[in-house]
Structure formats: C-alpha cells, structure tokens
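*Asks:* Return atomic coordinates for the entry below.
(chains A, B, C and D)
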There are 2 protein chains.
Amino acid sequence: MPLPQKATASEIKSSAEAIQTKILQRICFLDYPPGEQLKEAELAAEFGVSRTPIRDVISRISHLGLVETRNGVGTVVVALSAAQIRHVYDMRLELAPLIGTMSPRSITKSDCEIGQELLQEAKALCKAFDSRKYIEINHRLHELITGLIGNDTLRSFWWQTYCQAASTWYLVSNQRDSEMALALVAELNEINTALDLGDVTAIGFIQRTHIGYGYQRIKTHLLATETE
Amino acid sequence: MPLPQKATASEIKSSAEAIQTKILQRICFLDYPPGEQLKEAELAAEFGVSRTPIRDVISRISHLGLVETRNGVGTVVVALSAAQIRHVYDMRLELAPLIGTMSPRSITKSDCEIGQELLQEAKALCKAFDSRKYIEINHRLHELITGLIGNDTLRSFWWQTYCQAASTWYLVSNQRDSEMALALVAELNEINTALDLGDVTAIGFIQRTHIGYGYQRIKTHLLATETE
DNA sequence: GACTCAGTACCTGTGTACAGCTTAAGCGTT
DNA sequence: AACGCTTAAGCTGTACACAGGTACTGAGTC
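*Replies:* Take a look at the predicted model:
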C-alpha cells in the first residue's frame, strides 16, 4: 500500500487512521455484523501491515463499545444491549438540538448541492430499494450534518453516538424497505429546505425529530425480538 | 508486577487499564503539566512493562486530545486552546442538567456520607489551602456525581469532558487559593442538601451553576494570558 | 452411550529488535 | 563571527517471535 508521499494535508493520516476508518465503517455498515470475529492476523494480512497497528486500531475502537476483546478468544463485534441502545438514543435526542445552537458553521453552497444529490438518490431508492445504498446515503447525510457542527466536543460526541447507533439502526432498516426510503426522502426534503434558508438551528431540530421517529421503530423492533 | 490472581471483579482490569488510569490522572492533576514530554521507554521502565502496553495506553489517551504524538519527536501533553476550552465548557453546561433527567441512579446513604466527608475536608482547606488537596477533593466529588449517572453514554461523555477540562481548571485554580476553597465549600453545601433530599435533578442543576462560575473564572484567566 | 480429561490448535498479550523520522549539536566554510 | 551542512543521538512506528490463555476435539473410562 504505497501511500502518496506529499499529498494534501488531510491525506497524511498515518495509514493507521485510514485502517481505523475502514474497519469502523465495516462495523457500522454491517459488513461485520454483531457476532463477527475479527482476527488481528487476518486484518493485518489484508491491509499489508503487521499485527501491531491493527491491534492499535482495534484497541481504540473497543472504547466505543462496538467490539470486545478477550484474551485467548478473539475480538468480536458486539450487539449493543437494549439498555445501551436506549442510552445512546436518549443522548442523541438531547444532542441534536445543540447542533444548531452551539456556534455552528455557516452553510455553504456545496452543502446545499450535496443535500440535493442525496435527495435525488433517496428518491431513486424508493423505486428500487437497496439496503447498501440506503446505508451509504444515510452515512453521507450524517457526514454533511456533522460538518456543520462548530463545537469540536459536540462533533466528537455526535460522531460517537452515530457509530454506536448505526449498526443497530441499519439492522432494523433491513426489514422495512420502502418505509425507510420514504422516511429518508421526507427527512432530506426538510433538511434541504433548512439548508437553502441557511438555518442550522432548524437542521438540529429536524434531526431531533427524525431520530425520534427512528427510535420508535427500533423500540418496536427490540420489543419484538427481546423481552426487555 | 505480580497481579493478584483472583481478586474482586473490579481488580481484574488488565493492568493496562490501571496504567491508563494512572497516566490520565497525572495529566489531569498536573503532575504532567502541558508541555511535558512522555517517553514510552521511560514509562515502560517505571511500570515494569515493555513499550507495547504503554503505547496502547497513550494511543487511547490521545483520542481525548490531551496528548499529541509525533513520529520521531515524542508524545507531549498539550494545553487545550482557548477555543477548545470554550467548546468543552459549553458542552459541560449542556450535559450537567441531563445528569438528573436521564434515568439517574438513586442516591444511597454511602453517597451522603462521602458528600459530608468532602465538605469537612473542603472546610479544612479554607484554613490551609493546598493545591493538591483541592484537586483531590474536586476529583472525588466528580467521581461521586458521575456515579449517579444512569445513562452509560452520558456518563462516558461527562467523564471525557471532565478529563479535558480538569487540567486547565486546576491550572487556573492555583492562582486563586482562598476563593477556590470557599467556592468548593459552597458547592458541597448545596450538593449535600440535594443528596439528603435524594434529588438528583437538583444535583445536575447545581453542577451546571458551578460549572458556569468556573467557566467565568477561566474566561477571565484566558483573557488575561492570551489575546483571543 | 454419556461423561471426563488430556491434548491441540488458535487466538490475544507482551517483549524485543530494527527501521524511519526529527532535532540538535558540532564542524567546516565564508 | 555567522551561516550552512553533516552527523549523531533519541524518539516513535513497525515487524516479528514467543508466552499465556481459551475452546474445541478426540480418546479413554464408567
């Protein structure tokens, strides 16, 4: 993996960071579903490095509670318990309104364009649902909104809760194809309106609203599969 | 370092965790002031392990933004920028009220006793100020309150912001001895009242109030030392 | 046939050696 | 005397080998 020697500053990330992003994304995107066993040697071979950097990456991811490493056994992707899911969602409901109130960045033309792109793709998704495509659109929407957060700490927390919630969320979404696509289109319509008006505060509350909807869907799903 | 084979469950933490707690505490307590260089080999020798586990610990701490590691140079404890301090405190102001509203644990007799202990120690501090003692009382108060948080995610965030703010906070507190001790006594008086009444919600708002006071002190300090 | 126990395969945890990078000191030149 | 270059020392980043631990398998026994 020959990394470009002198590229843009953003690409200098130490390859370990790139690996972390990839593995984390695989967990969030359900490429590694809960229960999947991550073997350090295997990943090391895939990325063409030794076990050392891989261990480093897994160690950091484990602090999000998404994987659990036990000596002699291995590292497995964990499914968050119902209580944990509740905690994460309760927190996201509180954080969402803060996006717009805590010194947000201003909205650029580029943001609006991305919003429109995502809307078009979401509309296409209504006609032919594709689980993977749904996840990707959602992910890019998340990136768009995260970029509007001006408070470093809030951005970090927002990102953490997204990672923790994503896996469960996408698991549930697999079972409700069209409903999910329609909801996404509705959300993107609202988001685009707020983007055009340059109203980040509105975006925060829109997020709060739709996270609430998603939370409801997950609750019923959890009640259906678990007793708690 | 012969670790006890079968102790209480809480002590099974893999020695790496113990080391992390210690190093993190040293940073928060200003044993490692901003600018201090942490050498992996040195720490490895101190804790009687190789560089590998030390690297692991530092790698995780670096995700809190408290240290920065550069290849070939070393790992230095960083002083958060004025903007970052602002971000952390703005966030703490928002999180504090949630302590009592998001499914808090119930207050036990033991909590009340600890509160009283801390109050007595804080009163003693008014007569003879001791910077180290002040930090320790504050830390134990933080642990007490953190223990009341029922939401795992919120508890994690609360802890993270504390670690990020502590170093700067304690740095400022060094310059205002008696004022700090008096403020701490006042805070503990309020906290103890709320503890006796079993009102966790009140504790959250008391925290919010006093974090606000502390924020003001830090602001004036930052204005005095920096231009921003 | 079911159960127990030893052996084995495979995983993570740790120690260690080496490579790459950065900085600073020391020498030579102007 | 001041500047530039070379060299060396010291740090982190990585690879690899070994130790420790767990779970599974299969033979032996009741």
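*Asks:* Around A:L197, how many other residues sit close by?
*Replies:* 11 (other Cβ atoms under 10 Å in any protein chain shown). In this view, the C-beta of every residue, glycine as well, is placed from N, C-alpha and C.
*Asks:* Same question for A:G65.
*Replies:* 18.
*Asks:* Next, work out how far apart it and B:E113 are.
*Replies:* 32 Å (Cβ to Cβ, to the nearest Å).
*Asks:* how about the helix or strand hosting A:L43: buried residues?
*Replies:* Remark: A:L43 resides in helix A:40-47, with elements defined by DSSP states H and E. For helix A:40-47, a neighbour-count test (16 or more other Cβ atoms under 10 Å in any protein chain shown) marks A:E40, A:L43, A:A44, A:F47 as buried.
*Asks:* Skip the chain neighbours and tell me the closest residue to A:N174.
*Replies:* Closest residue in space to A:N174, ignoring its immediate chain neighbours: A:S131 at 5.5 Å, by Cβ to Cβ, 6 or more residues apart in numbering or on different chains.
*Asks:* and what of A:I203?
*Replies:* According to Cβ to Cβ, 6+ apart, the nearest residue to A:I203 is A:A194 (4.7 Å).
*Asks:* got the contact list for the strand or helix carrying that neighbour?
*Replies:* Using DSSP H and E, A:A194 maps to helix A:177-197. The contact list for helix A:177-197, computed with Cβ atoms under 8 Å, 6 or more residues apart in numbering or on different chains, reads A:107, A:111-112, A:115-116, A:118-119, A:122-123, A:125-126, A:129, A:131, A:134, A:137-138, A:141, A:145, A:173, A:200, A:202-203, A:206, A:210, A:213.
*Asks:* Please tell me how far the residue lying closest to A:G198 once chain neighbours are set aside sits from B:A79.
*Replies:* Using Cβ to Cβ, 6+ apart and skipping the chain neighbours, the partner closest in space to A:G198 is A:I107 (4.9 Å). Distance, A:I107 to B:A79, by Cβ to Cβ: 32 Å.
*Asks:* more neighbours, these two?
*Replies:* It is A:I107, of A:I107 and B:A79, that has more neighbours when counted by other Cβ under 10 Å, with 20 against 15.
*Asks:* pLDDT score for A:E11?
*Replies:* Reading off the confidence values, A:E11 has pLDDT 43.
*Asks:* sorry, back to before: is it true that the residue nearest to A:N174 touches A:R176?
*Replies:* No: applying Cβ atoms under 8 Å as the test, A:S131 and A:R176 come out as separate, 10.7 Å apart.
*Asks:* Touching both of those two, which residues are there?
*Replies:* In contact with both A:S131 and A:R176: no residue, using Cβ under 8 Å, 6+ apart.
*Asks:* Where does the prediction get shaky in chain A?
*Replies:* Along chain A, the model assigns pLDDT under 70 to residues A:1-14, A:225-228.
*Asks:* Give the residue farthest from the middle of it.
*Replies:* Distance from the C-alpha centroid of chain A, by Cα atoms, centre = their mean, peaks at A:G72 (30.4 Å).
*Asks:* In which helix or strand does that residue reside?
*Replies:* Using DSSP H and E, A:G72 falls outside every helix and strand.
*Asks:* which residues sit in contact with it?
*Replies:* By Cβ under 8 Å, 6+ apart, A:G72 has no neighbours at all.
*Asks:* For the biggest helix by length in chain A, name the packing helices and strands.
*Replies:* If you go by DSSP state H, chain A has its longest helix at helix A:200-225. Judged by 3 or more Cβ pairs under 8 Å, 6 or more residues apart in numbering or on different chains; DSSP states H and E, helix A:200-225 is in contact with helix A:82-101, helix A:152-173, helix A:177-197.
*Asks:* Nice, that's everything, thank you.
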